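Trainee: My questions concern the predicted model and sequence given below.
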Amino acid sequence: MAENNVLPQSLPSHIEETIQTIARLHADHHQNATPFQRVVDRTTTLLSHSHFIASLAIVVAGWIIFDLLTNTFNAGAVDPLLFSSLGSAASLMSLFMVVLILGTQRREDALAQQREQLILELAIVSEQKTTKVIQLLEEARRDNPLIHNRVDQEAEAMAQPANPQSVLDEIKKTRAAEKVEVSADQPQAHVNPQLPATVTGLQLF
């Protein structure tokens, strides 16, 4: 009984601040939406609901059965050409849903870009803080007479702040080199030098 009365411990303050920051990011993204964008979001949410999918399946099945019965008994068929109206309605609805999905995806991409920008900035700040911590630790180690002074090349390299532009340039060079290696490994078309130029060109193209 005593264990059940124990209240759950609150989260640390830095975790609560992080959660609040993320919540504010999503809240601002929702508040900055235009009325049309909010309507699009609500419509997309409604269309993706399981009840709507079930209702749509029932309507399509009913339409098909009705068309079959009216065409079989010649009782004033709605679709003289079997399922022609159903196909037109399905095409129009598909176009409508594609536009809604693209509009919703565009808003989601904007939110994802904000998160990526935030993550990138925090990563750069964290790298700068880590570099400063390593520098302070190295200074403390050198100034401490109880610790044997030695050269730690790895620590010295980590204590140097990274240049984001240099890192980006190196990534581009590495990717370019990988593309060159992949293209070099691909088999090339064999050209017989004894064939005429016209025949060789036909073989290549």
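Mentor: Sure thing, it's come through.

Trainee: For the protein, which segments are assigned as helices?
Mentor: Counting by DSSP state H, the chain forms helices over residues 13-31, 35-47, 50-73, 84-143, 153-158, 164-185, 197-204, given from the N-terminal end onward.

Trainee: Kindly provide the whole-number mean pLDDT of the last one.
Mentor: Confidence for helix 197-204, expressed as mean pLDDT, is 41.

Trainee: Check stretch 58-75 too.
Mentor: Stretch 58-75 carries an average pLDDT of 80.

Trainee: Next, the buried residues of that stretch.
Mentor: For stretch 58-75, the buried set under the neighbour-count rule, 16 or more other C-beta atoms under 10 Å, comprises Trp63, Asp67, Thr70, Asn71. For every residue, glycine as well, the C-beta is placed using N, CA and C.

Trainee: Okay, now the unreliable bits of the protein?
Mentor: Low-confidence segments of the chain, defined by pLDDT under 70, span residues 1-9, 14, 74-82, 185-205.

Trainee: ok, 50 please
Mentor: Flagging of the chain using pLDDT under 50 yields the residue ranges 1-3, 6-7, 189, 191, 195-205.

Trainee: Excluding chain neighbours, what is closest to Leu86?
Mentor: With sequence-adjacent residues excluded and distances taken as C-beta to C-beta, 6 or more residues apart in numbering, Leu86 is closest to Trp63, at 5.4 Å.
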